[in-house]
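[1] here you go, sequence then predicted model.
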Amino acid sequence: MLFYPSEKIALFIDGANLYGAAKGLQFDIDYKRLLEVFARKGILVRAFYYTAVAEDQEFSPLRPLVDWLDYNGCSVVTKPLKEFTDTQGRRRVKGNMDIELAIDVMEMSACVDHVVIFSGDGDFRHLVEAVQRRGKRVSVVSTIRTSPPMVSDELRRQADNFIELEELKSQIARDGAKPPQFQPA
């Protein structure tokens, strides 16, 4: 069994990473359904969503999603995108939220039994190991079914459970008409 009904669960969603994984599997996530699925697995204490946002844009395609999550009980953690020029002179943007996610996981691990990280970023392997040393279980949600896989092998092996995103598709995919595209940075 991956989850126990009496355990306290916290979700940590790396917005850009989850978006990329779902896009690679050719579906859009219905976040209301995603939260409902995990609320049925145990006692959902908190859900965090991490994304960088462009401050200079009057309207960001990400704004409706961020607002919905905020109004529906998620703790939304944002920071401004950083703009830079790469070594080839191309304009690039960067919005890494790894540190924010890691700090919140460590703080919340004192209050929950099970941490669920929606990311395949191998940088989180040591975080998973640290949370496990505190006696907590850790599940990682990502995919190995894209080319290349969206989850690092080290992270997948370190987690107590690996949940293949494609296997959640029928439960968390948006239905009906083409949804607006939320493209986290």
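    Ah, there it is.
[2] so what's Ile163 bridging to?
    Ile163 has these beta-bridge partners by DSSP bridges: Val141.
[3] and it, how many neighbours?
    17 (other CB atoms under 10 Å). For every residue, glycine as well, the C-beta is placed using N, CA and C.
[4] swap in Ile117?
    27.
[5] packing partners for the lowest-mean-pLDDT helix or strand in the chain?
    Between all helices and strands in the chain, the lowest mean by mean pLDDT, DSSP states H and E belongs to strand 91-94, at a mean of 74. Counting contacts by 3 or more CB pairs under 8 Å, 6 or more residues apart in numbering; DSSP states H and E, strand 91-94 packs against strand 82-85.
[6] re earlier: return the list of strands paired to the least confident helix or strand of the chain, each annotated with direction.
    strand 82-85 (antiparallel).
[7] could I have the partner strand exported to CSV, CA atoms only?
    This file holds the C-alpha atoms of strand 82-85, laid out as CSV (Å, rounded to 0.1, in the frame of the first residue of the first chain):
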residue,chain,number,x,y,z
LYS,A,82,15.2,36.4,-13.5
GLU,A,83,16.2,37.5,-16.9
PHE,A,84,19.8,37.0,-18.2
THR,A,85,21.8,36.7,-21.4
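[8] let me see the mean pLDDT of that strand.
    Averaging pLDDT along strand 82-85 yields 79.
[9] what does that strand contact?
    With contact meaning CB atoms under 8 Å, 6 or more residues apart in numbering, strand 82-85 is reached by Ala52, Arg91, Arg92, Val93, Lys94, Gly95.
[10] top of these by neighbour count?
    Of all the contacts of strand 82-85, the highest neighbour tally under other CB under 10 Å goes to Ala52, namely 22 neighbours.
[11] ramachandran angles for that one?
    phi -100, psi 150 (degrees, to the nearest 10).
[12] how about it: what's its closest non-neighbour residue?
    Gly95 (2.2 Å; CB to CB, 6 or more residues apart in numbering).
[13] surely the one you found meets Val77?
    No - taking contacts as CB atoms under 8 Å, Gly95 lies outside contact range of Val77: 11.4 Å.
[14] anything in contact with each of those two?
    With CB under 8 Å, 6+ apart as the test, Gly95 and Val77 both reach Thr51.
[15] returning to that earlier point: next SSE after the least confident helix or strand of the chain?
    helix 98-108 (DSSP states H and E).
[16] who are the packing partners of the helix or strand just after that next one?
    Sequence order places strand 114-118 as the next helix or strand after helix 98-108, per DSSP H and E. Packing partners of strand 114-118 (3+ CB pairs under 8 Å, 6+ apart): strand 8-14, helix 98-108, helix 125-133, strand 137-142.
[17] strand 114-118 pairs with which strands?
    Sheet pairing for strand 114-118, assigned by DSSP bridges, gives strand 8-14 (parallel), strand 137-142 (parallel).
[18] what's the pLDDT at the residue sitting nearest the centre point of the chain?
    In the chain, the centroid-proximal residue (CA atoms, centre = their mean) is Ile13; its distance is 2.1 Å. Confidence at Ile13, expressed as pLDDT, is 97.
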